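**Q** Structure for this input, please:
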Amino acid sequence: MIHRLLSNKTVVICLFLLAVVGLMGVFAPYLAPHDPNLADVINSLMPMSKEYPLGTDHLGRCLYSRLLFGIRTTFHYSLLTMLITAVVGGLIGAISGYVRGKVDSLIMRGCEVMLSFPYEIIVLSIVGIMGPGMGNIIVANFIAKIAWYVRIVRSSVITFNHQNYIMYSRTVKTSQRFIFRKHLAPNIASEVIILATLDFGWIILSISTLSFLGLGVQAPTAEWGAMLSDAKEVLFSNPEQMLIPGIAIMVVVACCNLLGDSLRDVFDPRTGQKEC
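**A** Here you go, the predicted structure:
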């Protein structure tokens, strides 16, 4: 599996790009030439130069510095949201599929209610009720996405529960913890990883969209969606202001989608059979 993972060029390139972006956010205080929130109206809308690698915005703030610090808000918080949702949703789905009975019915009815509403409507409703802020955005995306993980993991657990090796383990009185840790968890992990990778891009778009609408990160905090919102003030006179955060969002989301599709090919056992 590791060999197939490393032999897939798309996986390697996407992982490399995402790792570089994540590390740039971690070391943003050392890479950024200026304070991202420092306004200098005298130097507003400056072109690209050695002092300002990507120019300045309408308030004279360094776009390169804001782009780097925006990684911490857009990329890192999206990663945190994705990890929390995948772990909690996977755990609930595994319990639902393994225990069954009334517990399973109760969890599934809750998931059906959540899945009956569009993802965007749930996020906007929760943020509208709770108010703007990154913490509320994380809660909203968690609630909107968790039902998908529960349903997928539950289906996988039910499928693998009827495999011969798991039925044999129960026959010889193997502990439930051992069965889950050695047999079920490795089998459902691949599906959770694929879904989480694809959701990573959706969460980035969600955070950027809410910030663009004024419901997410509040000024003057650097965030890619907020940078797009600021750039619309000078859209016709300086359209390049929107290109910088727009391209950053497009590249990261595209990497997440390509990585998810490629991981699905790598983890799909039928692909391995075809190659053999």
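**Q** right, and the helix or strand after whatever helix or strand L17 lives in?
**A** According to DSSP states H and E, L17 maps onto helix 9-26. Following helix 9-26 in sequence order, the next helix or strand is helix 28-31 (DSSP H and E).
**Q** Give the buried residues for that next one.
**A** Burial within helix 28-31, assessed by neighbour count using 16 or more other C-beta atoms under 10 Å, is assigned to A28. Backbone N, C-alpha and C define where each C-beta goes, glycine included.
**Q** what's the answer for stretch 181-189, then?
**A** Within stretch 181-189, the residues scored as buried using 16+ other C-beta under 10 Å are 183-184, 188.
**Q** residue ranges for the helices of the stretch 1-150 of the chain, please.
**A** 2-7, 9-26, 28-31, 63-71, 77-99, 101-115, 119-130, 134-161 (DSSP state H, counting those that start in this stretch).
**Q** Make CSV from the buried residues of stretch 181-189 and add secondary structure to it.
**A** CSV is the format used below for the buried residues of stretch 181-189 (DSSP: H, G, I helix; E, B strand; the rest coil):
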residue, secondary structure
H183, helix
L184, helix
I188, helix
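**Q** Just the closest of those to L205, please.
**A** Checking the buried residues of stretch 181-189 against L205 by C-beta to C-beta gives I188 as the nearest, at 26.2 Å.
**Q** Report the contact partners of the nearest residue to that closest one once chain neighbours are set aside.
**A** Taking C-beta to C-beta, 6 or more residues apart in numbering, and ignoring the residues beside it in sequence, I188 has S156 as its nearest neighbour in space, at 4.4 Å. Residues counted as contacts of S156 (C-beta atoms under 8 Å, 6 or more residues apart in numbering) are 93, 97, 187-188, 191.
**Q** Would you mind measuring from S156 to Y168?
**A** For S156, the distance to Y168 equals 19 Å [C-beta to C-beta, to the nearest Å].
**Q** swap in M24?
**A** Note on M24: its distance to Y168, by C-beta to C-beta, is 50 Å.
**Q** which of these two has more neighbours?
**A** A count of neighbours by other C-beta atoms under 10 Å puts M24 above the other of M24 and Y168, at 16 against 10.
**Q** which regions of the protein lie under the pLDDT threshold?
**A** Counting by pLDDT under 70, the chain contains low-confidence ranges at 1, 268-276.
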